[in-house]
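Peer 1: Structure of the sequence below:
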Amino acid sequence: MDSKGDADAPGRVGLDPQPMVDWFSPTELMRAGVKAVLAATFGNYADKREVQAALFPGRATLAWDGSEGKEIWFDYAADMGDGFNPTYAVAWLMAQPSLQVHLPGKGATSVSLPTGRFVVLGGDQVYPLATRDEYRKRMVDPYAMAYRTSQADAPPEEAPRLFVVPGNHDWYDGLTSFIRLFCQGRSLGPLQTCQQRSYFAVRLPHDWWLWGVDIQLEADLDEPQKKFFSEILETMKTASVGRTPQVILCTGQPAWVSCGAGDVPRDGMRPDPKNFLTLAFLERFIREGGARVAVAMSGDLHHYAHYAPEDPADPHRITAGGGGAYFYPTHHLPARLDAPRPKPGAAWLRKKPEKTNEAYTRANVYPEPDKSRHLGWGVLTLPINNRTFAFFLGGLYLLFTWIIQSASKASNGPFEFMKEGATGMLATALNDPNASLMGVLSVLGPGEIVDAFRACWHVMRHSPASVFIAGLVVFALWKYRAADRVAGQAWGVLHGLLHVVLSLALIWFFSVVNLAWLHLNIDKIPQVALFSVEMLVAGGMAGGVLFAVYLLVSARLTGVHLNDVYSSQAIQDFKNFVRFHITPEGSLEIFPIAVPTVPRNDGWLVKDGTGLVPAEGDIRAELIGNGPIKIDAR
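Peer 2: Presented below is the predicted three-dimensional model:
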C-alpha cells in the first residue's frame, strides 16, 4: 500500500473521479431543463412502467426471498452519483465487513455493526443526467470498486444484492439507462441486481417485507404497478405465519414533509398536504390489503430527518438522502406533521378528502438545524464556486453595455439635455463630435450619480436592443422567483432591476478607470480589450455576489431558493445512510449513520494496485440520535 495520499489515486485504479456537479453552470442548467421537460412530456405518452409490465406478464414475483434465517442486516442510501468523494465514501462504509459506528455523548464508545446482505438505493442514482456514461463514472464504477476492495480480504458467503428505486433524475432519459443497469440481472462488481422492473418486493424474516415503489415524475401509481402490488399482498397473506405483515416502504420523494402543522418558521416549508395524496393512497392500499406500513423511507432531500408517529400504529417517516449529493438544509423542516389519511373510495382523488390525521413529531435531523443554518452563509462564495455562472453574468453585462455604448456613438442626441450649464471636462466631452456614453461617464464624479444614470437612460431610449436585453433579464428573474406565491414575485423584479443597475454602474466605473485614469483611447484595441476583461471578470464577480446575496436574503426571509443556496456550494460533507436489522425476535432496529466528513482526492490510497482505501485508514461514522430506532412488530 502506498505510504501517503495521492491526488491521482482514483485514476490509478481505473476510476474516472468526477467533481461535484456545478448546478449553476449555464450549460448544465439548460441541459437539465431540457431533459426535465422532455422526460415529463414523453413520460406521459411512453410510460416505461407499462412497458415493463408487458415484458414480464403473469403473476407478480418477488425480486428476492430473504426470509430464511432468524435475522438479517441491510443498508439504505439515496441520492448518490454526484461527486466521487462522497459517493465512494458512503459506498466504502456500507461495504465494510464490520462497521465501527461511534456513539454520541461524552466518553462514548463505538459499536460494531455487521455488513448488510443487500443494499437498497432510494432514488437519484446519478446526477445530473441519467446517461449511460454518467451512471458508469459517477455511480457504477465507485460502488463496484468500494465493494470489491472492502470485501476482498473477507468475502461474504453470498454476493450482496442490490435493489434500486428510481428518482426524478433516473427518469430524465425515460428510465432507459436505469432499466438496462438494474433490471436485467447485471452485476456492479460484487453487487448483484435482482429486480425485473423499476419497482419490486422483497420478503424478509418474521413477516417483514420491503417494497420499492416507482412514482415516476410525481405521477399517480400506474395500473400495472397497482396490479403487481395487489398480487404481492395476496402472497403476503398466504406466507404470513400469524402476524400482520410489516412493510418497509421505499419511495422516491418524502411527500410527508409538505404536511407541516402549526406555525411555519420564517424560512420553513409551507404546508401543502395535496402533495401527500399519492403516498396516502398507497399506504391505504397496503392497510386495506391486511398489512401495515411500519417505516416509510425516501431520499430526494439530501439530509437525514426522522419523524416519529404519535400513534405507534402509524409508520415512522425517514428521509435519508445523504448518499453523495450536495447537502440540503434541515433547519426549515417543520417541527410537527399533520398528514391526511384519506378514507376509502375513489372520490378522494377529486376533492379534499375527509380524513383522520396522522400526527408526527420531528425526532432527529442531521446535521442539527443551527449547523444547517450556518452553512447557508457559504452561498456568498457563489462567484468562486460557480465561476462559469459568474462568467456568464459578466458576458451578459458586457453585451448589454456594449450595445449601449454603440448606440450612444450613433448620435450624440441623447446628451443634449446635459449641455446646458455644463463646464470644464464635462462640456468638452459633450461637445466632442464623437461623444459617447463612456466618454461622458468618464468625467462624472460620485456626486453626479443622477446625471450618470440619466445619461444611461437617455441612451437606452434610443436603443431598443438594450431595452430588450434589460427586459429579458428582469422577466427571467421574475419567472425564476414566480414559482413562489404572488406576493413574493416583486422580489424577482427587484432582483432583475438590480442586475441592470449594476451593469450601468460597472460601465461608469470602468469608463473612469480606463479613460480618465489610464488615458486609453476609447476606440483603440487596448481599451476595448481591457474593458471586455474587466466586465467579464470583475463584472462577473460583482454579479455573482449580487446573485448570492439575493439567494441568501430570499431564503432567510421567505424560505424560497433554499435549494439554490446549498446546491451552489456543492457541500461534500454531512452525508448519511441507514443500516436496518431485523432481530431474531422479529423486531426492527434502524441505525441512522452520519458521515461528518469525507476524504478529498488526496485522501485516497491505492491498495494492492487495484483497490482504493482512505488514506487515514478509516472514515468516521457516527450514530444519529441517542440509539437505534426500535419498532416492535407486535
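Peer 1: In terms of pLDDT, where does the nearest residue to Gly122 once chain neighbours are set aside sit?
Peer 2: Closest residue to Gly122 apart from its sequence neighbours, by CB to CB, 6 or more residues apart in numbering: Ala78 at 3.2 Å. In short, each C-beta sits where N, CA and C put it, glycine included. Ala78 carries a pLDDT value of 95.
Peer 1: Run through the residues that contact Ala78.
Peer 2: By CB atoms under 8 Å, 6 or more residues apart in numbering, the contact set of Ala78 is 121-124, 165, 167, 298-300, 320-323.
Peer 1: Ok, Trp377 next?
Peer 2: Trp377 sits next to Leu552 when contact means CB under 8 Å, 6+ apart.
Peer 1: Would you agree it falls within a helix?
Peer 2: Yes. If the criterion is DSSP: H, G, I helix; E, B strand; the rest coil, then Trp377 is within a helix.
Peer 1: check contacts around Pro245.
Peer 2: Asp207, Trp208, Trp209, Met236, Lys237, Ala239, Gly290, Ala291, Arg292.
Peer 1: for the stretch 351-500 of the chain, what spans make up the helices?
Peer 2: 369-375, 382-385, 387-410, 416-419, 424-431, 437-441, 449-461, 464-482, 489-511 (DSSP state H, counting those that start in this stretch).
Peer 1: so which of these gets nearest Glu28?
Peer 2: Taking CB to CB, helix 387-410 is the member of those nearest to Glu28, at 8.6 Å.
Peer 1: where's the closest one relative to the chain centroid, distance-wise?
Peer 2: Taking CA atoms, centre = their mean, to the nearest Å, one finds helix 387-410 lying 32 Å from the centre of the chain it belongs to.
Peer 1: about what we covered before: phi, psi of the residue nearest to Gly122?
Peer 2: phi -150, psi 160 (degrees, to the nearest 10).
Peer 1: do the same with Phe118
Peer 2: Backbone torsions for Phe118, taken as degrees, to the nearest 10, come to phi -150, psi 170.
Peer 1: Which ones among the contacts of Ala78 map onto strands?
Peer 2: Leu121, Ser298, Ala320 (DSSP state E).
Peer 1: Out of the contacts of Pro245, which comes closest to Tyr172?
Peer 2: Among the contacts of Pro245, Trp209 lies closest to Tyr172 (CB to CB), at 29.8 Å.
Peer 1: okay, the closest one: pLDDT?
Peer 2: 96.
Peer 1: what's the nearest residue to it if we skip its chain neighbours?
Peer 2: Val247 (5.1 Å).
Peer 1: surely the one you found meets Ala296?
Peer 2: No. Using CB atoms under 8 Å, Val247 is not in contact with Ala296; the gap is 9.0 Å.
Peer 1: who's more crowded, the two?
Peer 2: Using other CB atoms under 10 Å, the more surrounded residue of Val247 and Ala296 is Val247, with 27 against 24.
Peer 1: Report the secondary structure element holding that one.
Peer 2: Counting by DSSP states H and E, the element that carries Val247 is strand 246-251.
Peer 1: What is that strand packed up against?
Peer 2: Helices and strands touching strand 246-251, as assessed by 3 or more CB pairs under 8 Å, 6 or more residues apart in numbering; DSSP states H and E, comprise strand 208-212, helix 277-288, strand 292-298.
Peer 1: C-terminal to the worst-scoring helix or strand of the chain on mean pLDDT, which secondary structure element comes first?
Peer 2: Lowest on mean pLDDT, DSSP states H and E among the helices and strands of the chain sits helix 48-55, with a mean of 60. Reading on from helix 48-55 to the C-terminus, the next helix or strand found by DSSP H and E is strand 64-65.
Peer 1: Name the strands paired with that next one and say parallel or antiparallel.
Peer 2: strand 200-204 (parallel) (DSSP bridges).
Peer 1: tell me the mean pLDDT over the strand it pairs with?
Peer 2: The average pLDDT within strand 200-204 is 96.
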